[in-house]
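> From the sequence below, what's the structure:
(2 chains)
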Amino acid sequence: MSARERRLAFIVGCLIAVIAGWKAIVSPVLTKARGLRERAAAAAAAIDAQNALAERGEAIKARDAQLFTAANLADIGTVEAVFLEFVNRSAEGSGVRISSERPSNSVHPQTRGRGGYAEIQVALTGEGTLDAFVQFLQRLSSGDKPLRVMAASLSRTDRAGIVAVNMRLSTVVVKEGVR
Amino acid sequence: MDWQVTKARILRKALSVAAAALDLAARYVPRLARRKGAVSAFLDGRTVTVAVIRRQNRHSRAEVCISVPLGEDALTNPDAAGQAIRRVLDGVRRPPRAFVGVVGAELIFERKIALPPMPVEETDAAVEFQADRVFPFPASEMRIDYAVESAGAEGIQSIIISGITDETARKIEQLSKAAGLVLEAIVAGPCALYAAVAGDAAAGIGRAVICRRADGADIAVGTTGTVAMSRFVRTDLSSDVSDELRHTASAAGIDPDGIAAVYVSSGLSVTLSKPGAVPGEVRGLEAALEAATGASCETPGAAPAIAAGTLYVRGAVLPDFHAPARAARRRKRDTALRARLAKYAALAAIAAAFVALCLTGYWVYAVALESKAARLALANASLKAAAERADIARPWMTGRTALLDVLSGVTDVFPGSPAAFAKSLSVAESGKVSLQGKVGDPKAAYDLVAALSRVKGFRNVKLDNGAADPSGGYNFAISFEADYWRARK
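This is a model prediction of the structure:
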């Protein structure tokens, strides 16, 4: 083997050694370091999220306390009674006379988050003055329970100042969890 | 004839033979060595002396010369001799492939003949005819060359015929193949050549043996590789061995000028030559060498060689003069190499430890962060569940005032005249609001549409229907979309 061939073989050998060293040593180390960096970044982000959650802790707890909860979403009769009682009380207090009140547990329990929820809907029919109806709505909205009007219809009646009301109200029951 | 005169003539003739041999060797051996060097092996009975001749800076140099004793004659078993040469070459860095075989006197046939004057063209045939007669083998089975010594009285030519048998040449080729070499030349030994001329000391000779290969190509040269080698290593006299030998010669009262040494590192077989030396000097040097080095000096063909003024000492096992310095250099190099390797290893270990430390630290940091995140997640588990519940209930919490907002928007812009009133207001689940009522005239209805369009959160307000009431006034049906309603979803 001539000197030139030996030199060439040496250079090729060095190149192969460098590539092999990179593949066998440097690359795994870099991969390991990259993995650790990603783990640390993910953990730091998780810590930030937990701290942010903790900062909103009081507000979350206060809001959570307003919710209807049930251990078993398939059995929410009690919550339904409480909700109807709240609606009736609001109607009575505002001067709206409810002629028909029809609970409708038509929305089945659904899974969401770590628990789940069920929706209770109530269709009611009544009448009263427009002011009484507005007051009724104010009472409903000023309450601390979750509620929304799904649909509503107001119409004049033959009697002066009296409007007939058809409404469909809805509330939500969440699954009881760790408090 | 006076013996002293005869001796002087013999010496002169021997010198001329040596000069011719050197000239011949100078023509061919350097040509071989100039390319890649050559391996020369002197086959002498049960000993083969291997020399590696290299070309270096316009000089040929004998790099290695080792005598290897064989259990039998070299050409009796050429394969074994070739393998012995191969073993020697295995210890040589990048040995050349060219091979010059040097054969001893016992393998060369030399005769002197006398021929009448004849044209040169006829001499070849006459020599071949005479060779058939004087040699024990037919000329067709030999490789023959000749040299015209002198033209005697009446034009009678004195011719030296030299030759080796084809069998010898074939065995040497076989030997070179066994050694993994390419035969380039077969060289006759010096003593053989001397013996040829010794019969007539007064005769001159200027030619050596040139053998031809079976395929006709010239493959052989000259008289003696050893003499050639001794010539080509003269530049090497500054080496330690040469200095030592010169010192020994000086101590023995012998003029060291002209002593050439074929010296080689391992094996330490030394061949000395001093052309022109008188026998006393040669014997003195031989004795001095034996006394100084403990070497066993063996001089083949001693009488003619010494008479020729050349001493050949083969198989002399001399102390390795270079060994201590070489060992010291090797130790120093090894120590330096070990130190360098240790330094690199230490650096690599430090780097590896640093990288491992960094990775471990990073791993600890990441694990600590993950642990903290896990602890916080555990502590905030109830909060997270509450947040999820609040998130579920958000539409119900934010949509409580949607209907009030719609009513407020409508009543704010509804005309205040006694003739205007709303008959019905309905809000569908999709957020579409339908308003029916009566106003005084169509303009009031359009004004109401325009007013409702300006209410924030009402979009796409349009008059769906409008008609004059028979009893007076204008009935209208307006529809629009309430963003409040959509937002509560």
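> which residues does the closest residue to B:Gly82 other than its chain neighbours contact?
Using CB to CB, 6 or more residues apart in numbering or on different chains and skipping residues adjacent in sequence, the residue nearest B:Gly82 is B:Ala178, 2.5 Å away. All C-beta atoms are positioned from the backbone trio N, CA, C, and that covers glycine. When contacts are counted by CB atoms under 8 Å, 6 or more residues apart in numbering or on different chains, B:Ala178 touches B:Pro78, B:Asp79, B:Ala80, B:Ala81, B:Gly82, B:Gln83, B:Ile85, B:Arg86.
> Closest one to chain A out of these, please.
Comparing the contacts of B:Ala178 against chain A with CB to the nearest CB places B:Arg86 closest, at 18.7 Å.
> Give me the buried entries from the contacts of B:Ala178.
B:Pro78, B:Ala80, B:Ala81, B:Gly82, B:Ile85 (16 or more other CB atoms under 10 Å in any protein chain shown).
> what's the closest non-adjacent residue to the third one?
With sequence-adjacent residues excluded and distances taken as CB to CB, 6+ apart, B:Ala81 is closest to B:Ala74, at 4.2 Å.
> same deal with the second one?
Distance criterion CB to CB, 6+ apart; nearest residue to B:Ala80, sequence neighbours excluded, is B:Leu70 at 6.7 Å.
> Equivalent analysis for B:Val50, please.
Nearest to B:Val50 is B:Val88, by CB to CB, 6+ apart, at 4.6 Å.
> Could you report the distance from the one you found to B:Ala51?
Here the criterion is CB to CB, to the nearest Å. By it, B:Val88 lies 10 Å from B:Ala51.
> Quick one: the helices in chain A, in order.
Taking DSSP state H, the helices of chain A run over residues A:3-21, A:27-55, A:57-65, A:77-94, A:130-142.
> In the stretch 1-150 of chain B, which residue sits nearest chain A?
Counting by CB to the nearest CB, the stretch 1-150 of chain B gets nearest chain A through B:Arg94, at 8.1 Å.
> ok, the residue in the stretch 201-350 of chain B that chain A sits nearest to - contacts?
Among all residues of the stretch 201-350 of chain B, B:Ala348 sits closest to chain A, at 10.1 Å; criterion: CB to the nearest CB. Residues near B:Ala348 by CB under 8 Å, 6+ apart: none.
> do the same with the one 4 residues further on
The neighbours of B:Ala352, taking CB under 8 Å, 6+ apart as the test, come to nothing; the list is empty.
> secondary structure element for it?
Using DSSP states H and E, B:Ala352 falls within helix B:323-379.
> what number of residues lie near A:Glu127?
By the criterion of other CB atoms under 10 Å in any protein chain shown, A:Glu127 has 18 neighbours.
> Was I right to think it contacts A:Ala164?
Yes - in this structure A:Glu127 lies within contact range of A:Ala164 using CB atoms under 8 Å: 4.9 Å.
> before we move on, back to that, can you tell me which of the helices of chain A is most buried?
Highest mean neighbour count among the helices of chain A (mean count of other CB atoms under 10 Å in any protein chain shown): helix A:130-142, with a mean of 19.
> returning to that earlier point: take the buried ones among the contacts of B:Ala178 and keep only those in helices.
Checked against DSSP H, those include these in helices: B:Pro78, B:Ala80, B:Ala81, B:Gly82, B:Ile85.
> So the fourth one sits against B:Lys177, correct?
Yes - when contacts are counted by CB under 8 Å, B:Gly82 is listed as touching B:Lys177 (6.8 Å).
> In PDB, could you pull the C-alpha coordinates for stretch B:361-374?
The C-alpha trace of stretch B:361-374 is given here as PDB (Å, rounded to 0.1, in the frame of the first residue of the first chain):
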ATOM      1  CA  GLY B 361     -28.400  17.300  36.700                       C
ATOM      2  CA  TYR B 362     -30.900  18.000  33.900                       C
ATOM      3  CA  TRP B 363     -32.600  14.700  34.700                       C
ATOM      4  CA  VAL B 364     -32.800  15.600  38.400                       C
ATOM      5  CA  TYR B 365     -34.200  19.100  37.500                       C
ATOM      6  CA  ALA B 366     -36.800  17.600  35.200                       C
ATOM      7  CA  VAL B 367     -37.800  15.000  37.700                       C
ATOM      8  CA  ALA B 368     -38.100  17.700  40.400                       C
ATOM      9  CA  LEU B 369     -40.300  19.800  38.200                       C
ATOM     10  CA  GLU B 370     -42.400  16.800  37.300                       C
ATOM     11  CA  SER B 371     -42.700  15.900  40.900                       C
ATOM     12  CA  LYS B 372     -43.800  19.500  41.800                       C
ATOM     13  CA  ALA B 373     -46.300  19.500  39.000                       C
ATOM     14  CA  ALA B 374     -47.700  16.200  40.200                       C
END
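> Right, I'll leave it there.
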